[in-house]
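1. Return atomic coordinates for the entry below.
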Amino acid sequence: MNTCVQTMCLTNSSPITSPMSLSSLLNFDIMEIKEQGRTKPPTRLASNFRPKRLDVLSGRDKEARSHIGTKHFRQVIKNNLKRYVETQHRDEKSTVIQSIVDFIRCEAMILGGAGFVKRDLNSGRWYEIGDIQAREKVGHALRDLLKNKNAASSSVSSTSRTSLKSKSMSCIAAAAKSEEKQRKKVTFQEKSLREPKAELFLCTSSDEIDIMGFHNGFHNKEDDLGVDFSIFC
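-> Residues are numbered from 1 along each chain as shown. Sure thing, here's the model as predicted:
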């Protein structure tokens, strides 16, 4: 690690909590690296090396995922996602990625670490993965986080639309049901008005008999029907 990074590490060892602090912390070192065209290659570490607190472990095993340095790395990515998204050009995004790589290494080296490390499964030795793989790791982490955020937003939006559609359908169904109920009520009332009402009068003589709406319908017809209507009077 060059002198300017060492100096910045010693005076800025706290984690980056905002994109602006990350930019101001490492901008000079990034420009120096660009001017000199230097790229850090993968480097084998000492045989007795063990990952330190803020080293970022590469790998998909439980040790790599649960290491505190890896968790800290994810937080740094989260803190700087907005700055990455807001950059318009590829060179600017590349600068953001390199600044995160440099910052992670800076913090790790303060505690005697190496930065981005990975174990060789054949020899068991640890090595620092170098700029190319480190940049790829940071870039993938930023893009994956952005993809997950967009997916979550889309899911919430889709759920809201589904809920709104469901409520609209319920309202339409309720309105249709109410309209049908009202229509049946009106139809029943109209039918009631059209049908003759049944009337039953108490009578005093056979010529005043009116049963079930047939006024005087059976006057002088007792003999024809064989019914004695006098029982009603």
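2. Ser123: neighbour count?
-> Using other C-beta atoms under 10 Å, Ser123 is surrounded by 10 other residues. For every residue, glycine as well, the C-beta is placed using N, CA and C.
3. Please read the previous query as pertaining to Val56.
-> Counted with other C-beta under 10 Å, Val56 comes out at 30.
4. Surely it and Glu107 touch.
-> No. Val56 lies out of contact with Glu107 (C-beta atoms under 8 Å); the separation is 9.8 Å.
5. shared neighbours of those two, anything?
-> Residues within reach of Val56 and of Glu107 at once, by C-beta atoms under 8 Å, 6 or more residues apart in numbering, are His72.
6. residues contacting the closest residue to Arg53 other than its chain neighbours?
-> Distance criterion C-beta to C-beta, 6 or more residues apart in numbering; nearest residue to Arg53, sequence neighbours excluded, is Leu111 at 5.2 Å. With contacts defined as C-beta under 8 Å, 6+ apart, Leu111 is in contact with Lys52, Arg53, Leu54.
7. 10 Å - rerun?
-> Leu111 is in contact with Ser13, Lys52, Arg53, Leu54, Asp55, Gly69, counting by C-beta atoms under 10 Å, 6 or more residues apart in numbering.
8. which of the residues you listed lies closest to Lys40?
-> Asp55 (15.0 Å; C-beta to C-beta).
9. show me what contacts that closest one?
-> Contacts for Asp55 (C-beta under 10 Å, 6+ apart) come out as 49, 67-70, 72-73, 104-105, 107-109, 111-117, 126, 128.
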